[in-house]
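J.: Predicted model and sequence follow; I will ask about them next.
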Amino acid sequence: MTDDGTTTAAATGTPGYEQARDELIEVVRRLEAGGTTLEESLALWERGEELAKVCRHWLEGARARLDAALARPEEPSADGRGDGDDNQERDGD
């Protein structure tokens, strides 16, 4: 997977997160609506399972990237005072 995941997803035929999520929503909608044969319902269920795995994969990858970014040491900003986000409370010193 590349940084944004789109190149690998397109090359392998694996849908991106949003595409998989939207298709999964449609599968669930069709299953809940009923009116399909047993074979159609089973095929929809299997497709839904595949799509859920794709979504889980994307979310786990996103979580790993966030964790890695949060674990990196702070880089000083241009003024040399850290990242510029000073949210620490002060004791009035």
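T.: Looks like it came in fine.
J.: Least confident secondary structure element in the chain?
T.: The weakest-scoring helix or strand in the chain, judged by mean pLDDT, DSSP states H and E, is helix 6-12 (a mean of 56).
J.: any idea which helix or strand comes after it?
T.: Reading on from helix 6-12 to the C-terminus, the next helix or strand found by DSSP states H and E is helix 17-33.
J.: which parts of that following helix are buried?
T.: Tyr17, Ala20, Arg21, Glu23, Leu24, Val27, Arg30 (16 or more other C-beta atoms under 10 Å). (C-beta placed from N, C-alpha, C; glycine too.)
J.: Arg72: which of those residues is nearest?
T.: Arg72 has its nearest neighbour among these in Tyr17, at 23.6 Å by C-beta to C-beta.
J.: does the closest residue in space to that closest one that isn't next to it in sequence count as helix, strand or coil?
T.: In space, Tyr17 comes closest to Trp58 once its chain neighbours are excluded; the distance is 3.8 Å by C-beta to C-beta, 6 or more residues apart in numbering. For Trp58, the assignment made with DSSP: H, G, I helix; E, B strand; the rest coil gives helix.
J.: Need the max-distance pair from the buried residues of helix 17-33.
T.: Tyr17 and Arg30, at 20.5 Å, using C-beta to C-beta across the buried residues of helix 17-33.
J.: got the CA coordinates for stretch 35-42 in PDB?
T.: Extracted in PDB, the C-alpha atoms of stretch 35-42 (Å, rounded to 0.1, in the frame of the first residue of the first chain):
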ATOM      1  CA  GLY A  35     -37.100 -10.600  -1.400                       C
ATOM      2  CA  THR A  36     -34.000 -12.400  -2.500                       C
ATOM      3  CA  THR A  37     -33.600 -16.100  -3.000                       C
ATOM      4  CA  LEU A  38     -31.500 -18.200  -0.600                       C
ATOM      5  CA  GLU A  39     -28.700 -18.400  -3.100                       C
ATOM      6  CA  GLU A  40     -28.800 -14.600  -3.700                       C
ATOM      7  CA  SER A  41     -28.800 -13.900   0.000                       C
ATOM      8  CA  LEU A  42     -25.800 -16.200   0.600                       C
END
